[in-house]
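Participant: From the sequence below, what's the structure:
(2 chains)
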Number of protein chains: 2
Amino acid sequence: MKTVIVIGANGAIGQAALSGLRQHRIVRANRSGQDAEHQVDISDAASLERLFERVGHFDAVVNAAGFCEYAPFLDMSEAQWRATLDSKLLGQMNVVRVGARHIADGGSFTLISGILSSKPLPMAIADATASGAIETFVKCVAFELPRGIRVNVINPTVLEESWAAYGPMMPGFQPVPGALVGKAFQRSVDGFITGQVLTVDA
Amino acid sequence: MKTVIVIGANGAIGQAALSGLRQHRIVRANRSGQDAEHQVDISDAASLERLFERVGHFDAVVNAAGFCEYAPFLDMSEAQWRATLDSKLLGQMNVVRVGARHIADGGSFTLISGILSSKPLPMAIADATASGAIETFVKCVAFELPRGIRVNVINPTVLEESWAAYGPMMPGFQPVPGALVGKAFQRSVDGFITGQVLTVDA
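Facilitator: Prediction:
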C-alpha cells in the first residue's frame, strides 16, 4: 500500500483516478480545501511546498487539477493564455519540481493532459497547447529525475460521466468510462514506466 | 515575389531561413533593431502591432527568434520557465495572433521549434517543453485561421554553422546544413501546407 496524494480528487478526472487507486492510502488536496484533507493551489509553488511538508512521507502524487480558458484563438487575450499556462503547464511542472524534493525514493508523479491536443476542437487552443507542452515535458524530464522517481501523464478523452455536459460540444467523440481512465492512473502509479503518455481513447 | 517579414534574421536559424527566401522581398526585424529595418520584441504584443502597422502590406512572417533558459530541471526557477515561455511560446503565439489581423489573404506564418523536444538533452527541459507546446499550437490553430492564412513550424536539428558552439553539448547529434533548413522555410512560405511540423534532421 502506497500513500498517494491526489490533487483535484473531487473533479471528474480525479474521481476516475481514485477508481484505480483503491488499494492505496489516499490523501486528498484541492484548491478549495473542501472534501479534502489539504488545500493547495498548484500554480503557487509555496502552496505545494506546504502541502508536501504537511503530508510528510508519500510515494506518489496524482494531479487531476488544471484550469483552462476556452475561447476562439483570435479572441483569446494574452491574460487568458497566461491563466491557462500558469495552471495546466507551470502548475503541473511545479508539482514535479517541488514534489521531487519530498517524494519517497522510487516515487511517481502522474500528471494530466487531454485529448484536444490530438483531436482539436474550436475554443480549445489554450487547452490543447498546454496539453502538448506537458506531454513533451513529461517525455523529456523523466531522464532527469533522481532516486528512481518516475513521471507519466494521462491523456484521456471525454468521460462518460462528463458526456452530458461536454458531449454537445464534441461531435464525433466517443466517451470512455471513468473506470478505464482509472486503469491508466493505476498503471502509472503501480507500474515501472516513466516518461510515458498514457492515452485513453476509444 | 512576396513580402516576407523575417524576425530574428541575424541569428543562425534566421540566416538559414533567408537562404530559402532569396526570391522574395525581405523585411528584417529583430530585438536590437541593428542590421534590420525594424525593432521588435515578440514577447510584447504592442511591439508586434507597431511592426505590422509600419510594414503595411506583407504576405508572410517567418519567426526565427525565441529566447530559452537552460538549466537542470531541479535547479530551474519558475522565473526561468516564465522567461522561456514568454518568448518561445507566448511570443510566437503573439506573432500569429497579432499578425493575423494584418497579414494579406492567403498569407503564412512560419514559426520555430527545435529538435530537443524529440531528442532530449540535459539542461534543455524548458526549450523542449516550449518546442512541444508550439508544435501542438501550430497543429491545432491552423484550423482556426481565416482568409486562407496558413501556419507551420520548422523543427531543425543543430546547424553545421552552429556545430562549433553547440557540438560539444550534443553527443551523437548530426548537424545539417543551414541551406537544408532554408528549404523547409521555403516549403512553408511558398507551399500550400498548413498546421505542419517540418522536421529537418539527419
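Participant: What helix or strand is residue A:173 located in?
Facilitator: Assigned by DSSP states H and E, residue A:173 falls within no helix or strand.
Participant: Identify the residues contacting it.
Facilitator: Applying C-beta atoms under 8 Å, 6 or more residues apart in numbering or on different chains, we find residue A:173 in contact with A:115, A:119, A:157, A:158, A:167. The way it works is simple: take the backbone N, C-alpha and C, and place the C-beta from them, glycine included.
Participant: Kindly recompute the last result at 7 Å.
Facilitator: The contact partners of residue A:173, by C-beta atoms under 7 Å, 6 or more residues apart in numbering or on different chains, come to A:157, A:158.
Participant: What of residue A:74?
Facilitator: By C-beta under 7 Å, 6+ apart, residue A:74 lies in contact with B:97, B:100.
Participant: Quick check, pLDDT for it.
Facilitator: Per-residue confidence at residue A:74 stands at 97 (pLDDT).
Participant: and it, helix, strand or coil?
Facilitator: Using DSSP: H, G, I helix; E, B strand; the rest coil, the structure places residue A:74 in helix.
Participant: is the lengthiest helix in chain A up against chain B anywhere?
Facilitator: Assignment by DSSP state H gives helix A:125-141 as the longest helix of chain A. Yes - residues of helix A:125-141 are located near chain B by C-beta under 7 Å from any C-beta of the partner chain, namely A:125, A:128, A:129, A:131, A:132, A:133, A:135, A:136, A:137, A:140, A:141.
Participant: For chain A, what lies in contact range of chain B?
Facilitator: Along chain A, the residues adjacent to chain B under the rule C-beta under 7 Å from any C-beta are A:45, A:72-74, A:78, A:81, A:85, A:90, A:93, A:97, A:100, A:117, A:120, A:125, A:128-129, A:131-133, A:135-137, A:140-141, A:143-144.
Participant: Show me where chain A has its strands.
Facilitator: A:3-7, A:25-30, A:38-39, A:60-63, A:108-112, A:150-156, A:196-200 (DSSP state E).
Participant: now those strands in JSON lines, with mean neighbour count and distance to residue B:10?
Facilitator: Formatted as JSON lines, the strands of chain A follow (neighbours: other C-beta atoms under 10 Å in any protein chain shown; distance: least, C-beta to C-beta, whole Å):
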{"stretch": "strand A:3-7", "mean neighbour count": "26", "distance to residue B:10": "45"}
{"stretch": "strand A:25-30", "mean neighbour count": "20", "distance to residue B:10": "48"}
{"stretch": "strand A:38-39", "mean neighbour count": "16", "distance to residue B:10": "49"}
{"stretch": "strand A:60-63", "mean neighbour count": "28", "distance to residue B:10": "41"}
{"stretch": "strand A:108-112", "mean neighbour count": "27", "distance to residue B:10": "38"}
{"stretch": "strand A:150-156", "mean neighbour count": "25", "distance to residue B:10": "37"}
{"stretch": "strand A:196-200", "mean neighbour count": "19", "distance to residue B:10": "37"}
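Participant: if we can go back for a sec, narrow the residues of chain A next to chain B to just the buried residues.
Facilitator: Burial by neighbour count, 16 or more other C-beta atoms under 10 Å in any protein chain shown: within the residues of chain A next to chain B this picks out A:45, A:73, A:78, A:81, A:85, A:90, A:93, A:97, A:100, A:117, A:120, A:125, A:128-129, A:131-133, A:135-137, A:140-141, A:144.
Participant: how about the residues of helix A:125-141 next to chain B in TSV, adding distance to residue B:152 and pLDDT?
Facilitator: Formatted as TSV, these follow (distance: C-beta to C-beta, whole Å; pLDDT from 0 to 100):
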residue	distance to residue B:152	pLDDT
A:125	16	98
A:128	17	98
A:129	16	98
A:131	20	98
A:132	16	98
A:133	19	98
A:135	20	98
A:136	18	98
A:137	23	98
A:140	23	98
A:141	27	98
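Participant: Can you report how many residues lie near residue A:195?
Facilitator: Number of residues near residue A:195 (other C-beta atoms under 10 Å in any protein chain shown) recorded here: 16.
Participant: what's the closest non-adjacent residue to it?
Facilitator: Closest residue to residue A:195 apart from its sequence neighbours, by C-beta to C-beta, 6 or more residues apart in numbering or on different chains: residue A:142 at 3.0 Å.
Participant: Surely the one you found and residue A:151 touch.
Facilitator: Yes - judged on C-beta atoms under 7 Å, residue A:142 makes contact with residue A:151 at a distance of 5.4 Å.
Participant: so how far is stretch A:150-170 off the chain centroid?
Facilitator: Centroid displacement of stretch A:150-170 relative to its chain, using C-alpha atoms, centre = their mean, to the nearest Å, is 12 Å.
Participant: ok, residues contacting it?
Facilitator: Outside of stretch A:150-170, the residues within contact range by C-beta under 7 Å, 6+ apart are A:12-13, A:16, A:96, A:108-115, A:121, A:131, A:134-135, A:138, A:141-142, A:145, A:173, A:175-178, A:181, A:184-185, A:188, A:193-202.
Participant: same check, this time on stretch A:183-198
Facilitator: A:2, A:4, A:17, A:20-21, A:60, A:62, A:108, A:110, A:135, A:138-139, A:142, A:150-155, A:200.
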